[in-house]
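Visitor: The following block contains a protein sequence and its predicted model.
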Amino acid sequence: MVLKASHLKIYNFKINRTKVMQKLEAIRQQIDKLDLKLLEIIAKRSTEIDKINKIKQAERQEAFDPNREQEILNRLHKHNKSLYNSAEIGSIYKAIFKASIMLQHRLREKVEN
Ligand SMILES: O=C(O)C(=O)C[C@]1(C(=O)O)C=C[C@@H](O)C=C1
């Protein structure tokens, strides 16, 4: 078989694709590791939420505290060095606050029942 320029082109294309896919896989492995670290931090945060919830429940305070949320967001925006902008960090944290409020409500139900 005669090796033509077009064959070489296809060969190079396949090699480059494989390299790109390997890079993608390596980056995804990094993300998987970071996700496990994040999950650990989220778990630690949830035990602090549990502690705060017990105090607030005893004090008959609501789970939702908008002033505290704003205070946290302001500090995070000030320190944010990531590629995510303030709005994007805000949306991540709003999801965390929402989950924290759901958690507090669920923990309160358990105590009441
Ligand atoms: O600091 C509190 O009072 C909390 O309940 C914790 C927390 C949070 O996740 O940081 C959760 C819900 C509130 O709206 C504000 C903050």
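Guide: Received, thanks.

Visitor: Whichever residue of the chain sits closest to the ligand: how many residues sit nearby?
Guide: The ligand sits closest to Ser100 of the chain, with a gap of 3.4 Å, by C-beta to the nearest ligand atom. C-beta coordinates here come from the backbone N, C-alpha and C atoms, glycine included. Counted with other C-beta atoms under 10 Å, residues neighbouring Ser100 total 22.

Visitor: if I pick it, what's in contact with it?
Guide: 45-46, 49, 63 (C-beta atoms under 8 Å, 6 or more residues apart in numbering).

Visitor: If we use 10 Å, what do you get?
Guide: 45-46, 48-50, 52-53, 63-65, 69, 93 (C-beta atoms under 10 Å, 6 or more residues apart in numbering).

Visitor: Okay, and which of those residues map to strands?
Guide: Using DSSP state E, no member of the contacts of Ser100 falls in strands.

Visitor: Restrict these to the buried ones and give me that as a PyMOL selection.
Guide: Listed next is the PyMOL selection for buried residues among the contacts of Ser100, using 16 or more other C-beta atoms under 10 Å:
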select buried, resi 49+52+53+63+65+69+93
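
Visitor: okay, the contacts of Ser100 in a markdown table with pLDDT and distance to Asp32 next?
Guide: Converted to a markdown table, those look like this (pLDDT from 0 to 100; distance: C-beta to C-beta, whole Å):
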| residue | pLDDT | distance to Asp32 |
| --- | --- | --- |
| Arg45 | 98 | 20 |
| Ser46 | 98 | 21 |
| Glu48 | 98 | 25 |
| Ile49 | 98 | 25 |
| Asp50 | 98 | 27 |
| Ile52 | 98 | 30 |
| Asn53 | 98 | 31 |
| Ala63 | 98 | 32 |
| Phe64 | 98 | 33 |
| Asp65 | 98 | 34 |
| Glu69 | 98 | 30 |
| Tyr93 | 98 | 23 |
